[in-house]
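In: Pasted the sequence and its predicted model underneath.
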Amino acid sequence: MHKATSKFEDTVFIEGLSFLASIGVFDWEKQFEQKLVLDLELSTDTRPAAASDDLNLALNYAAVSELVINLAQSQHHDLIETLAEKIASQLLHNFNTQQVSLTLRKPSAVPAAASVGVKITRQRQEPTL
């Protein structure tokens, strides 16, 4: 059986991106920002950037991080799942990536746990004809 290979086999990642955001379903959670921590993997083809040494052909870590933080801080989100979906959707829409895998943690949500959160993987949808 022949295994299909993907056009995008490279991964650009950001680990431990930490920021404050208004998140949570309880009234007391809406009174202050809480710390969130994001790990992110973006599937892309890094060869054009590597060959040219041109940042414009690479996934810009600073731009990706800025989009994530701005999105998280733009409004209150009740659920961490909602915020994770929005982040994945915006990254697929705004950057040259075919797939986004992210882990979004809310470290203070359960005092007995080091952290809780969600892991999701989303792919760019090909247009239907």
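Out: Nice, thanks for sending it over. Residues are numbered from 1 along each chain as shown.
In: Any figure for the gap between K106 and N56?
Out: 35 Å (Cβ to Cβ, to the nearest Å). (Glycine included, C-beta is placed from N, CA and C.)
In: K106: neighbour count?
Out: For K106, the neighbour count with other Cβ atoms under 10 Å is 21.
In: surely it meets I23?
Out: Yes - if you go by Cβ atoms under 8 Å, K106 and I23 touch, sitting 6.9 Å apart.
In: Between the two, which contacts overlap?
Out: Listed as contacting both K106 and I23 by Cβ atoms under 8 Å, 6 or more residues apart in numbering are 34, 36, 80.
In: need the strands for the chain, in chain order.
Out: Applying DSSP state E to the chain gives strands spanning 10-21, 34-44, 99-106, 116-123.
In: and those as a markdown table, adding mean pLDDT?
Out: Formatted as a markdown table, those follow (pLDDT from 0 to 100):
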| stretch | mean pLDDT |
| --- | --- |
| strand 10-21 | 97 |
| strand 34-44 | 97 |
| strand 99-106 | 97 |
| strand 116-123 | 97 |
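In: Reformat those as a markdown table; add distance to A50.
Out: Shown next, in a markdown table, are the strands of the chain (distance: least, Cβ to Cβ, whole Å):
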| stretch | distance to A50 |
| --- | --- |
| strand 10-21 | 9 |
| strand 34-44 | 11 |
| strand 99-106 | 19 |
| strand 116-123 | 23 |
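In: Which of these sits closest to I69?
Out: strand 10-21 (4.8 Å; Cβ to Cβ).
In: May I have the strands that pair with the closest one, each with its orientation?
Out: strand 34-44 (antiparallel) (DSSP bridges).
In: got the CA coordinates for the partner strand in CSV?
Out: Coordinates of the C-alpha atoms in strand 34-44 are reproduced here as CSV (Å, rounded to 0.1, in the frame of the first residue of the first chain):
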residue,chain,number,x,y,z
GLN,A,34,-6.7,34.7,34.1
LYS,A,35,-3.5,33.2,32.9
LEU,A,36,-3.7,31.0,29.8
VAL,A,37,-0.8,29.1,28.3
LEU,A,38,-0.8,28.0,24.6
ASP,A,39,1.3,25.4,22.7
LEU,A,40,0.9,25.7,19.0
GLU,A,41,2.0,23.7,15.9
LEU,A,42,1.5,25.0,12.4
SER,A,43,2.1,22.7,9.4
THR,A,44,3.8,24.5,6.5
